[in-house]
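>>> Model the structure of this input:
(3 chains)
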Amino acid sequence: MARITKQERRVSIILAALKLFSEKGFYITTIPDIAKKVGMSVGNFYNYFTSKDALAKELIMYISEYLGKSIREINDKDIPTEEKIYEIVSMYFNMADERPEMIEYFLRVYLSNREVFEDGCEGMLCVSAFVTEMMMFFDNGVERGELHNQDFFSAFGLFMGYLGGMVFLFGEKILPEPLEWYKESISQNIYNALKTR
Amino acid sequence: MITKQLIDQIEGEASIFFDIKDNVVDFATIAFPHFRGIESILKGKNALDALVITPRVCGICGHAHLMATVRAIEDAYKNAGYPIELSKKITIIREFTLVMEIIQNHFKWIYLTIIPEVAKLNNSTKVQTPLKGAYAASIASKAIAVFAGQWPHSSYMIPGGITADPTNIDLLKAESYVDELISFFEKESIGVSLDAFLSFESCKDFNTLKSDFSYLESSLMNIKMNEKGFAYDRFLVIGTHTFSKPSKLKQTRPFSIDAKYVTTVDTYSPDQASYAKNAQYKNAFYETGPLARAMAGNLKIVKNMHRRFKDSAYTRVMARVFEVATLLEHAKELLSGIDISQKSFLKSVDISKITARGVGVVEAPRGPLLHTVDIKDGLIQEYKIVTPTQFNIGSSTKTNPTPAQKAMMKTTQDEAVFIFRTFDVCSVCTTH
Amino acid sequence: MHSKQDKKPSIIWFQGLTCNGNTHSFLNLENLKNLLDKFEILSHPSLPSTQNFNTVLSCTLECDIFIFEGAYDPLMKRNDTLVSKIVEYYAKSTKHIIALGSCASFGGLFKASAPDRNSGLLFNEQEKSGPLLKYESKVINISGCPIHPEWLAYTLHMIAKGREVEINKLHRPIELYSTLAHHGCTRNEYFEWKVDADDFGEKEGCLYYKQGCRAPMTHSSCNKILWNEVSSKTRVGTPCFGCTEPDFPRQNLFATKTNMSIPEDVPIGIAKRSYLTMAGIAKTFHIKRLEGKLIDYKTAD
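Model prediction:
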């Protein structure tokens, strides 16, 4: 069996922690719980992360970079903004479907426990990769004359708040249909709300 | 026979077409050839862009254009129901930089234009010192730059105030440039203290002086410019400033005025296309500029000259020199009145909310400068500029000549060209 | 007749469609006399000249340096002589051609007087298609509206010393146009930490985010070689309007063009993604010293 590198071990901690934090909640999950899930000693865990808070910040950066990378791939395509919106919605819903812990963590831990992220993770610090990519998306949409030029946060809130809300409803099992079923209409709604008037 | 004479080394270029009879000018028409179309360039632009474009009408008095624009836009704000109240600090600093631009202009005119020209007419071999004018002008420009960032082509005045927020260090710097200018003026130009010069009441007081000024004064007398170059003996000041008061004068009698009576009419220039429209007040020609301002401001020494020599070329030139003196003193007063704790800028509604007409009137170095702007949703629909040279020079018919045309009549052609220059011709402004 | 040794380089300063702004800016040069002493001024719009203007127009003179101020209008005439003829004559016979100011360099403001016809001497905005294409190697563009007198003085001194003035693609001297107007701006700290100027009339804040400042996108030495030896636009709170660039004058000069609050143009040479990442992070830190008033004067009673 191949030796597991330190980096791979680090990622496995991140993935395990993501699952536990989003299932059990941030405060209830302990470091021993996480160590147990990855099969390492508590002492060894501290070789990777100095505290639970440090791990929490690392997780949000991991998610932000994952999202940023996915959106960048869409941004780099030479397709109309309307199609890009569909692709971003689709990517987001697929992620919520296949890796619900990522979105769950973002919504239930990052946004709900601000005190954990106050120091060193405030503002754009941990979510820069994701927000920057959304800025690139909006900037390009306006430059192409396809989106209405307005305040960034008005547009960002409409786009991401909508998606977050749908994933929340999905997580609460309130949605009668699978997420997939909503992709088309939601993309259309977002485009209609943001397009050039 | 009509002879054409090109006038260069003015601001831009002009042509005079002389009709000489019995060795004197029977009549002359004037053409300003180089049209630039600033008014049409402005059409459709954001009204604030005019603050950048109009100073570029003219390299020597762009600051006056900037102020006319800012006044016109602020007037439009008022007419749209959003009056702008300026702090005293804003008003003073704007006045100060405008005053320094006028001083800069006059120094150049004295040393680069009028002294060399008067020397020519006197067949004098006096060594010319044109760079004195450039030096003094550069010091005045430094004083402007303290607040305006640069000169020429600053855009530091904006509706609601100025962009600068000066410190005491800036004020002291500006004061020191003014002091430098005053000592230059005393030592090189007039040969007597500024206070003494300003207390002169009669031309006899000049007799003791030995300076560039006394050379200019005696040379003008020598070629009898006190008996030539008469225009209408009617004067017009329209801009409201701390250093000038608006009025219309017929000889020495002042009347109240209103900028709405200013109109422009086509020029009469049969020999060459001219892009200068004539400016009139209630359909009559008036002389504008330093002489008009001195008459309206009751400046004793100029009034005295006027009593003896009327609106001759001599009086016109002397009034310009005296304006340097009065403005230098005024510049000091202005600076001492600045309270730096006051606001530099007061925000009003966005320009896109403004749909109105605004008029801005300023006393530029050569007289009233009028800008009229029609704004719709913040965009310029129409922009109209009337410049002082359109009042003073223009070109009209023999039966109704402009002030400059009238002043050139019955003189020799060389004298006429000199008299033409006593109006301090700005062709670039005129052909905006 | 001068001997070859003490013959000073001769200058003809000629104007096309202009406001005289470069002429007047040049007169502000410190130690103007020192510079003028090194040259023979055959013709200048306001300084004493050894030749009269009509002789210049007759196209019989020779000069070492031909300075052209203003936009080039092929139909313009100076005292009945076509400017195109005069420019062609001197361009051919002179050693150096200086296109002085943005109008002469690229068309500038007065290109707009007749947009289909007017241009700079060598360039029409960005495009190298002006009337002096044939004499390209002689042309130095000193752009700016107006030029700073030191920029011209530098160029003339180099020529007088027989040294080469190195130029870039837009034919501008590299020593003057390699830096940006941003370089040396006293508001740089606000740019670094992304602190916007709330409004005009303040010492504090950067003018790039809202007030339309083009300094990070404009090649010039305005904040290095100060104007009138005293200041610069941005130092007195006026945004840079990009007057040295081929696209001057742009539109909406007092507002930053943004797409969904994101600046459309970012500093030259920096990828927008990198800029936004850096800006977003810098904005996160609230630095008290930069957010408050620099100086609080006691209000006079």
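
>>> Okay, and the residue in chain A that chain C sits nearest to sits in which element?
Nearest to chain C, among the residues of chain A, is residue A:123, at 3.0 Å (CB to the nearest CB). The C-beta positions use only the backbone N, C-alpha and C, and glycine is treated the same way. Secondary-structure assignment from DSSP states H and E places residue A:123 in no helical or strand segment.

>>> Contacts only, for it.
Residue A:123 makes contacts with C:280-281, C:283-285, as judged by CB atoms under 8 Å, 6 or more residues apart in numbering or on different chains.

>>> do residue B:49 as well
Counting by CB under 8 Å, 6+ apart, residue B:49 has contacts B:42, B:380, C:249, C:251-254.

>>> From these, which land in helices?
The helices, defined by DSSP state H, take in residue B:42 from the contacts of residue B:49.

>>> Restricted to strands, list the contacts of residue B:49.
residue B:380 (DSSP state E).

>>> Just the buried ones from the contacts of residue B:49?
Burial by neighbour count, 16 or more other CB atoms under 10 Å in any protein chain shown: within the contacts of residue B:49 this picks out B:42, B:380, C:249, C:253-254.

>>> Those residues into CSV, with extra columns for pLDDT and distance to chain A?
Compiled in CSV, the buried ones among the contacts of residue B:49 are given as follows (pLDDT from 0 to 100; distance: CB to the nearest CB, whole Å):
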residue, pLDDT, distance to chain A
B:42, 98, 25
B:380, 98, 22
C:249, 97, 22
C:253, 98, 18
C:254, 98, 17
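
>>> following the helix or strand of chain A with the lowest mean pLDDT, which helix or strand shows up next?
Lowest by mean pLDDT, DSSP states H and E among the helices and strands of chain A is helix A:100-104, with a mean of 88. Where DSSP H and E defines the elements, the next helix or strand beyond helix A:100-104 is helix A:128-143.

>>> Show me the shaky parts of the chain.
I'll assume chain A. A:1-2 (pLDDT under 70).

>>> hmm, I had chain C in mind actually
Residues of chain C that meet the criterion pLDDT under 70 lie in C:1-6, C:299-301.

>>> mind listing the helices for it?
Ranges of helices in chain C, per DSSP H, are C:21-27, C:32-36, C:53-57, C:83-93, C:101-106, C:108-111, C:149-160, C:174-177, C:188-192, C:272-284, C:288-291.

>>> Ok, which of those comes nearest chain B?
The closest approach between chain B and any of the helices of chain C, judged by CB to the nearest CB, belongs to helix C:21-27 at 3.7 Å.

>>> Give the rounded mean pLDDT of the helix or strand harbouring residue B:362.
In this assignment (DSSP H and E), residue B:362 forms part of strand B:356-364. Per-residue pLDDT over strand B:356-364 has a mean of 98.

>>> Can you spell out which helices and strands pack onto it?
Secondary-structure packing of strand B:356-364 (3 or more CB pairs under 8 Å, 6 or more residues apart in numbering or on different chains; DSSP states H and E): helix B:62-79, helix B:88-108, strand B:367-376.

>>> any chance of the ones you listed in a markdown table, with distance to chain C, mean neighbour count and mean pLDDT too?
Listed next are the helices and strands packed on strand B:356-364 as a markdown table, based on distance: least, CB to the nearest CB, whole Å; neighbours: other CB atoms under 10 Å in any protein chain shown; pLDDT from 0 to 100:
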| stretch | distance to chain C | mean neighbour count | mean pLDDT |
| --- | --- | --- | --- |
| helix B:62-79 | 7 | 26 | 98 |
| helix B:88-108 | 7 | 25 | 98 |
| strand B:367-376 | 14 | 25 | 98 |
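
>>> Redo those as TSV? Include distance to residue C:35.
Shown next, in TSV, are the helices and strands packed on strand B:356-364 (distance: least, CB to CB, whole Å):
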stretch	distance to residue C:35
helix B:62-79	24
helix B:88-108	18
strand B:367-376	33
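
>>> Smallest gap between chain C and chain A, at which residue?
For chain C, CB to the nearest CB, closest residue to chain A: residue C:284, 3.0 Å.

>>> what's the closest non-adjacent residue to that residue?
residue A:123 (3.0 Å; CB to CB, 6 or more residues apart in numbering or on different chains).

>>> what about that neighbour, distance to residue C:194?
Residue A:123 sits 11 Å away from residue C:194, going by CB to CB, to the nearest Å.

>>> what touches both of the two?
In contact with both residue A:123 and residue C:194: residue C:283, using CB under 8 Å, 6+ apart.

>>> coming back round to it: with the contacts of residue B:49 in mind, which one is nearest to residue A:59?
Taking CB to CB as the measure, residue A:59 lies nearest residue C:252 of the contacts of residue B:49, at 43.6 Å.

>>> got the end-to-end distance for stretch C:253-273?
The first residue of stretch C:253-273 is 25 Å away from its last residue (CA to CA, to the nearest Å).

>>> Which residue, other than its chain neighbours, is closest to residue C:81?
residue C:57 (4.6 Å).

>>> Around that neighbour, count how many other residues there are.
23 (other CB atoms under 10 Å in any protein chain shown).

>>> which residues touch it?
C:78-79, C:81, C:86.

>>> what would the residues you listed look like in JSON lines with distance to residue C:124 and neighbour count?
Output for the contacts of residue C:57, formatted as JSON lines (distance: CB to CB, whole Å; neighbours: other CB atoms under 10 Å in any protein chain shown):
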{"residue": "C:78", "distance to residue C:124": "21", "neighbour count": "21"}
{"residue": "C:79", "distance to residue C:124": "26", "neighbour count": "17"}
{"residue": "C:81", "distance to residue C:124": "23", "neighbour count": "16"}
{"residue": "C:86", "distance to residue C:124": "19", "neighbour count": "22"}
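
>>> Residues touching the helix or strand residue A:12 falls within, excluding its own?
Element membership of residue A:12, judged by DSSP H and E, is helix A:6-24. Here helix A:6-24 makes contact (CB under 8 Å, 6+ apart) with A:4, A:29, A:33-34, A:37-38, A:40, A:45, A:48-49, A:55-56, A:58-59, A:62, A:100-102, A:104-105, A:108-109.

>>> ok, of these, which come out buried?
Using 16+ other CB under 10 Å, the buried ones in the contacts of helix A:6-24 are A:29, A:34, A:37-38, A:40, A:45, A:48-49, A:55-56, A:58-59, A:62, A:100-102, A:104-105, A:108-109.

>>> is the closest residue to chain C within chain B in a bridge, and if so with what?
When distances are taken as CB to the nearest CB, chain B reaches nearest to chain C at residue B:345, 2.7 Å away. Following DSSP bridges, residue B:345 is listed with bridge partners residue B:161.

>>> what's around it, how many residues?
Residues lying near residue B:345 (other CB under 10 Å) number 22.

>>> which ones are touching it?
Contacts of residue B:345 (CB under 8 Å, 6+ apart): B:90, B:158, B:160-163, C:199-202.
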